[in-house]
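Student: What shape does this take:
(2 chains)
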Amino acid sequence: MCATCGCSDDAGVRVTDLSEEHRHGHGHGHPHRAPVRAEPDTRTVALEVDLLAKNDDLAGRNRRWLADRGVIALNLMSSPGSGKTTLLTRTIRDLGDEVRCAVLEGDQETLIDAQRIGATGARVVQINTGAGCHLDADMVAEGLHALAPEPGSLLFVENVGNLVCPALFDLGEAGRVVIMSVTEGADKPLKYPHMFRTADLMLVNKVDLLPYVDFDVADCVSYARRANPAVEVLEISATRGDGLDAWYDWLRHHRGRLRD
Amino acid sequence: MHELSITQTVVTTVTQRMQDARVCRIRLEVGRLSGLVPDAVRFCFEMVAAGTTCEGAALEIDEPPGRAVCRTCGAAFETGEVLPLCDDCGSADVEVQGGRELRIREVEVV
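Tutor: Numbers count the residues shown, from 1 in each chain, chains lettered A, B, ... in the order given. Presented below is the predicted three-dimensional model:
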């Protein structure tokens, strides 16, 4: 690169010797009034490294680790307070002996959610991210090691409550579930499109509260489909039980499909 | 603030690849639809780079625009929207083909 004007070409490795720089022309005219920086020789190295590649590699390793054990992992993502943990405790109890479940709980702080899950009898490991706003594949690898889910089990990875950051990080999951609740704005899919773009399923939770809130389910679904035309949608209430049979059927179907 | 962990990846990757060489410039490509905020990366960079071979390096960030093609009318257009509408016909059935880049393009080392 020309140290004075920044002109460059983008191909491959280029070595720039600033002491040589102004002995040759480089194809276009412009005044070079600024003095050449008194930098020692520098060289420019093309790296072309994808910034998510390291996470994606680790996620790939998690995916193989899980596949070797016949474990199906689902990445559950939502805003804080959408009802993820309530949904999980109910799901684990309702599926009972039919499907062995295990949970990786992601939160910035506390063991509260892990204790709630632990009360169901399911295996659970809490990952506290501290200042971190999302789970990444490395944290999940460590969590899997500690959790040691039983072969053939269904693993729920409850991500940190956040509709922004978790969207970018593949954890090695077989499917992504985004949970909305009707106490949030129906326009969330438009405001946080990265999250909804990669979801396999959107659960609209707390439908028992629909008579009391201004939430248009049809609008929400159409916004979600704008972000992701293929996304499946189920309306549920994790407390009252509405729609949960369809959710369990979805889990059974995907567990079967993903294991084949 | 996923920009912090992404910026840590930038510094870790560059310091590992370039070993002991002092890094004076890093050029990134952060597409406008990538979900990463360039200003937040710049904010984190100085802090993350402190004490490494990247300390004091200039951080250049290219921001390629979003590019999309309408599946309804076939129009190709640039966009800053993650969920764009077609410029020509207004359709929402649009395929985003560019603008999600997240890469370290090159580094300049001494």
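Student: C-alpha only now, for contacts and for neighbours.
Tutor: Noted.
Student: Could you pull out the strands in chain B for me?
Tutor: B:23-30, B:58-62, B:66-70, B:76-79, B:94-98, B:102-109 (DSSP state E).
Student: Nearest to chain A, out of the ones you listed?
Tutor: In terms of CA to the nearest CA, the element of the strands of chain B nearest to chain A is strand B:102-109, at 4.1 Å.
Student: can you pull the pLDDT of A:Ile117?
Tutor: Per-residue pLDDT puts A:Ile117 at 95.
Student: chain center to stretch A:78-93, what's the gap?
Tutor: 17 Å (CA atoms, centre = their mean, to the nearest Å).
Student: Next one: it, is it in contact with chain B?
Tutor: No: Stretch A:78-93 stays clear of chain B (CA under 8 Å from any CA of the partner chain), getting no nearer than 14.7 Å.
Student: in that stretch, what's buried?
Tutor: A:78-79, A:82-92 (16 or more other CA atoms under 10 Å in any protein chain shown).
Student: nearest to chain B, of the residues you listed?
Tutor: Nearest to chain B among the buried residues of stretch A:78-93, with distances taken as CA to the nearest CA, is A:Ser79, at 14.7 Å.
Student: Quick check: that closest one vs A:Val221, distance?
Tutor: Distance, A:Ser79 to A:Val221, by CA to CA, to the nearest Å: 17 Å.
Student: picking up where we left off before, could I get the buried residues of stretch A:78-93 as a markdown table with pLDDT and secondary structure?
Tutor: A markdown table is the format used below for the buried residues of stretch A:78-93 (pLDDT from 0 to 100; DSSP: H, G, I helix; E, B strand; the rest coil):
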| residue | pLDDT | secondary structure |
| --- | --- | --- |
| A:Ser78 | 96 | strand |
| A:Ser79 | 96 | coil |
| A:Ser82 | 96 | coil |
| A:Gly83 | 96 | coil |
| A:Lys84 | 96 | helix |
| A:Thr85 | 96 | helix |
| A:Thr86 | 97 | helix |
| A:Leu87 | 98 | helix |
| A:Leu88 | 97 | helix |
| A:Thr89 | 97 | helix |
| A:Arg90 | 98 | helix |
| A:Thr91 | 98 | helix |
| A:Ile92 | 97 | helix |
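Student: Identify the farthest-apart pair in those.
Tutor: A:Ser79 and A:Ile92 (21.2 Å; CA to CA).
Student: Is the helix or strand of chain B with the lowest mean pLDDT positioned near chain A?
Tutor: Across the helices and strands of chain B, the lowest-confidence element by mean pLDDT, DSSP states H and E is strand B:94-98, at a mean of 91. No: Strand B:94-98 does not reach chain A (CA under 8 Å from any CA); its nearest approach is 9.3 Å.
Student: Pull the distance from that strand to the chain's centre.
Tutor: 17 Å.
Student: what are the pairing partners of that strand, and which direction each?
Tutor: Paired with strand B:94-98 in the same sheet, following DSSP bridges, are strand B:66-70 (antiparallel).
Student: Would you mind writing the CA trace of stretch A:133-149 as PDB?
Tutor: C-alpha atoms of stretch A:133-149 as PDB (Å, rounded to 0.1, in the frame of the first residue of the first chain):
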ATOM      1  CA  CYS A 133     -23.900 -11.800  26.500                       C
ATOM      2  CA  HIS A 134     -24.100 -15.100  24.600                       C
ATOM      3  CA  LEU A 135     -22.900 -18.700  24.700                       C
ATOM      4  CA  ASP A 136     -20.200 -19.700  22.200                       C
ATOM      5  CA  ALA A 137     -19.100 -23.100  21.000                       C
ATOM      6  CA  ASP A 138     -16.100 -23.200  23.300                       C
ATOM      7  CA  MET A 139     -18.300 -22.700  26.400                       C
ATOM      8  CA  VAL A 140     -20.700 -25.300  25.200                       C
ATOM      9  CA  ALA A 141     -17.800 -27.800  24.600                       C
ATOM     10  CA  GLU A 142     -16.700 -27.300  28.200                       C
ATOM     11  CA  GLY A 143     -20.300 -27.600  29.400                       C
ATOM     12  CA  LEU A 144     -20.800 -30.900  27.400                       C
ATOM     13  CA  HIS A 145     -17.700 -32.300  29.100                       C
ATOM     14  CA  ALA A 146     -19.100 -31.500  32.500                       C
ATOM     15  CA  LEU A 147     -22.700 -32.600  31.600                       C
ATOM     16  CA  ALA A 148     -21.900 -35.900  29.900                       C
ATOM     17  CA  PRO A 149     -25.400 -36.300  28.500                       C
END
